[in-house]
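A.B. asks: Sequence plus predicted model, see below.
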Amino acid sequence: MAEEHPAPSGGSPSRPTRAARHGGSARHRSKGLGGLRGRLHRRVATHRRPPGAPGESRADTRRLVRARRRRRYAVEAVAAFTGLLALVGFVNWWSESAPDGPAESDGLPAVVGRPSLPSAVPTAPAVPGLRPRDRSPSPSPSSSTPSTAPMAPVAPIAPVTLTVRRADIPATVDLTELGGRDWVHWGFGGAGTTVRKRDGSAEIRDLGGPGERSGWDGNQELFGWRDGAPVESTDPTPDGVFTCGVGNGFALAVVADGRPRTATVYLGVWMARGRLDVALSDGGPSRTLRLEERHTTQSTAVTVGFQAPAGTRLLLTWTVEETFTPHCGNVALQALTLR
């Protein structure tokens with residue numbers, strides 16, 4: 001039979017224990033499930049006990065506070081570092097992305113999780129708040145600075161001058177001496193013959209003129225030369241040409257070269273009034289003079305001083321303005337010199 005335990009003194013009879021009812025020893029049961037339960041209750045109570053609670057020392061409390069503080073610092077440091085990485089990645093993606101789209105084909109910035117592919121030209125690392133410096137090649141000094149090469153001198157524009165004066169013709173005219181640059185003689189041996197200065201400048205031009213030309217060998221003045229072509233030289237000769245009728249005459253020209261030049265034309269009239277118009281081909285000053293003889297012949301030398309741009313022509317127009325006889329009142333031409 002089971003052993004009956006006496007009730008404690010001064011109290012009511014005790015109820016049979018749970019171990020007794022099951023036929024087991026109370027001591028044995030306390031070492032089994034009961035002991036494990038007790039240890040668990042003690043650990044939970046210790047864990048839930050606030051710092052400074054009874055049963056916990058001050059050293060334990062300080063260790064617990066320090067541990068919690070370290071955990072908080074670690075969490076805050078990780079969060080700050082993660083935010084800094086995200087900011088740097090965004091700035092790098094924003095500053096290095098191409099204008100047409102993201103640098104990567106999948107739309108992710110090339111900073112988080114994988115390195116970006118190296119570019120052909122190395123770039124400096126991006127700094128938060130600063131955009132990368134423009135690395136386009138600088139222009140060469142020759143394209144950015146004005147050229148200091150000396151410019152070719154510009155030839156000054158020649159002034160335009162024109163003077164006209166008239167004088168008597170000497171008894172003998174030496175064309176070789178007076179026409180150092182060029183000369184022309186008309187009518188030597190007939191109306192169709194023209195003699196020019198050999199190796200002259202060829203600046204004297206015969207432009208023709210209205211009316212038929214005729215030869216004449218009765219001029220009062222004589223002309224000779226020593227450097228002519230096709231007639232090389234001749235003794236002084238009175239030959240010349242003339243044309244009859246109002247409006248008929250001669251048209252001559254002298255080409256300017258930009259320098260001061262002097263042209264002398266040897267003219268005459270017979271029972272007529274002749275008009276000489278002197279002008280420059282590009283406009284400017286002009287002059288007109290007249291020579292008149294009602295009963296016989298008269299001659300004169302008209303000297304024209306001029307200066308004009310190269311290529312400009314001095315124009316000489318010698319025409320019959322009026323006649324005083326029905327028998328071929330005319331104007332005559334003998335020679336023109338240039339120096």
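C.D. replies: That came through, no problem.
A.B. asks: Distance-wise, check the closest residue to Ser233 other than its chain neighbours relative to Asp217.
C.D. replies: Sequence neighbours aside, Arg226 is the residue nearest to Ser233 in space, at 4.5 Å (criterion: CB to CB, 6 or more residues apart in numbering). Bear in mind the C-beta positions are built from the backbone N, C-alpha and C, glycine included. To Asp217, Arg226 is 21 Å away according to CB to CB, to the nearest Å.
A.B. asks: coming back round to it: could I get the contacting residues of the residue nearest to Ser233?
C.D. replies: 176, 232-233 (CB atoms under 8 Å, 6 or more residues apart in numbering).
A.B. asks: Equivalent analysis for Glu232, please.
C.D. replies: Counting by CB under 8 Å, 6+ apart, Glu232 makes contact with 198, 226.
A.B. asks: sorry, back to before: just give me the closest of the contacts of Arg226 to Gly305.
C.D. replies: Thr176 (21.2 Å; CB to CB).
A.B. asks: What about that closest one, how many residues nearby?
C.D. replies: Each residue near Thr176 was counted by other CB atoms under 10 Å, and the total is 16.
A.B. asks: swap in Thr303?
C.D. replies: Neighbour count for Thr303, taken as other CB under 10 Å: 14.
A.B. asks: can you pull the contacts of it?
C.D. replies: Thr303 touches 164-167, 262-264, counting by CB under 8 Å, 6+ apart.
A.B. asks: Give me the sheet partners of the helix or strand containing Leu336 and which way each runs.
C.D. replies: Assigned by DSSP states H and E, Leu336 belongs to strand 330-338. Strand pairing for strand 330-338, using DSSP bridges, gives strand 182-186 (antiparallel), strand 240-244 (antiparallel), strand 261-280 (antiparallel).
A.B. asks: Now render the contacts of Arg226 as TSV, adding distance to Phe81 and secondary structure.
C.D. replies: Shown next, in TSV, are the contacts of Arg226 (distance: CB to CB, whole Å; DSSP: H, G, I helix; E, B strand; the rest coil):
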residue	distance to Phe81	secondary structure
Thr176	110	helix
Glu232	113	coil
Ser233	115	coil
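A.B. asks: Which one of those residues is nearest to Val91?
C.D. replies: Closest to Val91 out of those is Thr176 (95.6 Å), distances taken as CB to CB.
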